[in-house]
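Engineer: Okay, sequence plus prediction incoming.
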Amino acid sequence: MPTVTWSRLGGERRAAVVAAAEAEFAAHGFSGGSLNVIARRAGVAKGSLFQYFADKRDLYAHITDVGSQRVRTYMEDQIRELDPARPFFTFLTDLLDVWVAYFAEHPRERALHAAASFEVDTDARVSIRAVVHRHYLEVLRPLVHNARERGDLRPDADIDALLSLLLMLLPHLALAPYVRGMDPLLGLDELSPDQPALVVRRYVAVLGSAFGVTRTACGSPHTSAPAHRNARRSDCT
């Protein structure tokens, strides 16, 4: 966490440090990022950085938090516009489309996301992923729990497993369409602009099959448990 000295710093100086640190960490990650370069670009002494943050990892975690909050604010606005009260997997499809488009249009956030995902330093990776996952889960968990309460998910659906899969899927969709070689099976790094949308629908279909409820022609929910082999009764009667 930033120190008290950081909170007392003028807004322009804080913005300069954040901008310099984002540019450096986005380009080189934690391990390759240079505090000397950050200080020089921000127009502060290197020693001042240690008055603002406990160490380099603390600075990196703060920069990750700032960037994650920008993404979260945008996505929360989009969630309200998309109406999360709609059937969950229809809503999720539209949300993932928006997510992919966001990272296409925001290369700085994409670079920071890549730096966080590919960081080789274990302690730094744990610190920044804890920050990123907190933002993810604070948004996703209420959406998933509300979907189960509405009956969009099976009563026995493993909610933690679904959230875990989404934690893996979101970073992948943020990067794979723009970072060559991440997806050898679904063609996410192909140049076709339609490919990410097609892949989103394949992913959601799998999640829907695993966690969702199917509905009969008359609209009533139907669990995936096998019916008795002698049963021939119509669900609509």
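Structural biologist: Received the coordinates, thanks.

Engineer: Now do the strands in the chain.
Structural biologist: 214-215, 221-222 (DSSP state E).

Engineer: Pick out the residue nearest the middle of this structure.
Structural biologist: Nearest to the geometric centre of the chain sits residue 170, at 4.4 Å (CA atoms, centre = their mean).

Engineer: Wait, that one touches residue 136, no?
Structural biologist: Yes. Applying CB atoms under 8 Å, one finds residue 170 in contact with residue 136, separated by 6.5 Å. The way it works is simple: take the backbone N, C-alpha and C, and place the C-beta from them, glycine included.

Engineer: low pLDDT regions in the chain?
Structural biologist: Residues of the chain meeting the criterion pLDDT under 70: 191, 215-237.

Engineer: what about residue 206, how many neighbours?
Structural biologist: By the criterion of other CB atoms under 10 Å, residue 206 has 12 neighbours.

Engineer: Oh, that last question was meant for residue 138, not what I typed.
Structural biologist: Applying other CB under 10 Å, I find that residue 138 has 11 neighbouring residues.

Engineer: how about the nearest residue to it, chain neighbours excluded?
Structural biologist: Spatial nearest neighbour of residue 138, excluding adjacent residues (CB to CB, 6 or more residues apart in numbering): residue 72 at 7.9 Å.

Engineer: Verify the stated contact: that neighbour with residue 135.
Structural biologist: Yes. The criterion here is CB under 8 Å, and residue 72 meets it with residue 135 at 4.9 Å.

Engineer: Report the contact partners of the spatially closest residue to residue 74 that is not a sequence neighbour.
Structural biologist: The shortest distance from residue 74 to any non-neighbouring residue, by CB to CB, 6+ apart, is to residue 102 (6.4 Å). Counting by CB atoms under 8 Å, 6 or more residues apart in numbering, residue 102 touches 71, 74, 75, 109.
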